[in-house]
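J.: got a predicted model here, sequence first, then my questions.
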Amino acid sequence: MNKIVPDSLRDPRIETKQLRIGDLEFEVDCCGEGDRLALCLHGFPEHSFSWRYQLPVLADLGYKAWAPNMRGYGNSSKPKGVNSYNLDTLVEDVAAIIEASDCKETVLIGHDWGAVVAWHFAINDRLPLSHLIICNVPHPQSMQQAFSWEQLKKSWYIFFFQIPKLPEFLLGRDNAKGVGEMIRNTFVNPEKFPTEIADVFSRNANQPGALTAMINYYRALLRRGNRSNREGETFPIIKTPTLMIWGEEDVALSKETTYGTEKYVENFDIRYLPNVSHWVQQESPEEVNSMISAFIKDESIPFAH
């Protein structure tokens, strides 16, 4: 078992366990007990460690708080082949993890790719959710409608990732040091992402097969027939109460991609965080945690200071 997060950075309240689901293993960071699940899904090129600031807060609210390493990440299984990473499959992973928790109620929280999966989980109404929390990824229909030339330029990397092997080679150089540096360099305040934290994400990406698995999410997304909802189809209205938290200094996604989300979500709130990057729950954990806490307690959601 690869030790990606050193003991010196581990929160003693968070324990890590391996969950066997079918032929796959999922590494899950766990905090708290109870029959209500708060499931946190990380993004690219991240790790369950991305939720280190949220899990204890969710546990204190009475939730069994879990942050799995998605397939391809951490010490979770890394199945081969692009088709192993299509959206329908990723949604089924989440359903299986929820069922394995034996909880009666689920709050689903997603950031980046985890938020893409969370959106599709809710759109498809795969299992009941009490609350949905989305960090810095637009609803797929809002994204389609806001896809301007400006957004196309921001999304260049998605097309670059379609090239075989070259992205892995470039990101994997120097023990994937550039992965952690990329995250730090896109923080508004890089001091909040010191070298020892960046190194966790580089070690994660440097495991055998990890970069290919991570990039296969993007490759599968653009393959015909591999999207949960095809272009041109109308998305069902999401009935689950939904909170979107958005760091305004996102280098990959423009604020405009959030506009109009209320048309696709029946019960919707959004909170913008100025001077905060794409990595919102890591860069501004206190504000994000206060928003999440108020939302799932059905209290008034604070605005950014």
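T.: Here it is on my side, so go on.
J.: ends of stretch 106-117, how far apart?
T.: 15 Å (Cα to Cα, to the nearest Å).
J.: packing partners of the lengthiest strand in the chain?
T.: In the chain, taking DSSP state E as the definition, the longest strand is strand 268-277. The helices and strands touching strand 268-277, judged by 3 or more Cβ pairs under 8 Å, 6 or more residues apart in numbering; DSSP states H and E, are strand 242-249, helix 280-283, helix 285-296. All C-beta atoms are positioned from the backbone trio N, CA, C, and that covers glycine.
J.: so where is this structure shaky, pLDDT-wise?
T.: By pLDDT under 70, the low-scoring segments of the chain are 147-149, 224-233.
J.: could I get the full set of strands for it?
T.: Assigned strands in the chain, in chain order: 15-21, 24-31, 36-41, 64-68, 105-111, 131-135, 242-249, 268-277 (criterion: DSSP E).
J.: out of the helices and strands packed on strand 268-277, which comes closest to N2?
T.: Closest to N2 of the helices and strands packed on strand 268-277, according to Cβ to Cβ: helix 280-283, at 21.4 Å.
J.: determine the set of other helices and strands touching that closest one.
T.: In this structure, helix 280-283 packs against strand 242-249, strand 268-277, with contacts taken as 3+ Cβ pairs under 8 Å, 6+ apart.
J.: the shortest one pairs with which strands?
T.: Paired neighbours of strand 242-249 in the sheet (DSSP bridges): strand 131-135 (parallel), strand 268-277 (parallel).
J.: so which of these is the most packed in?
T.: Between these, the one whose residues have the most neighbours on average, counting mean count of other Cβ atoms under 10 Å, is strand 131-135 (a mean of 26).
J.: what about the closest residue to D125 other than its chain neighbours, neighbour count?
T.: Distances taken as Cβ to Cβ, 6 or more residues apart in numbering put P236 closest to D125, at 7.2 Å, once the chain neighbours are dropped. Residues contacting P236 under the criterion other Cβ atoms under 10 Å number 12.
J.: hmm, H120 and P236 touching each other?
T.: No - contact between P236 and H120 fails when scored by Cβ atoms under 8 Å: they sit 11.1 Å apart.
J.: I figured L9 hits T195, correct?
T.: No - counting by Cβ under 8 Å, L9 does not reach T195; the two are 11.6 Å apart.
J.: so those two - more neighbours on which side?
T.: Neighbours around L9 and T195, counted as other Cβ under 10 Å, are more numerous at L9. The numbers are 13 against 10.
J.: ok, the more buried one - contacts?
T.: Residues near L9 by Cβ atoms under 8 Å, 6 or more residues apart in numbering: 49, 196-197, 200.
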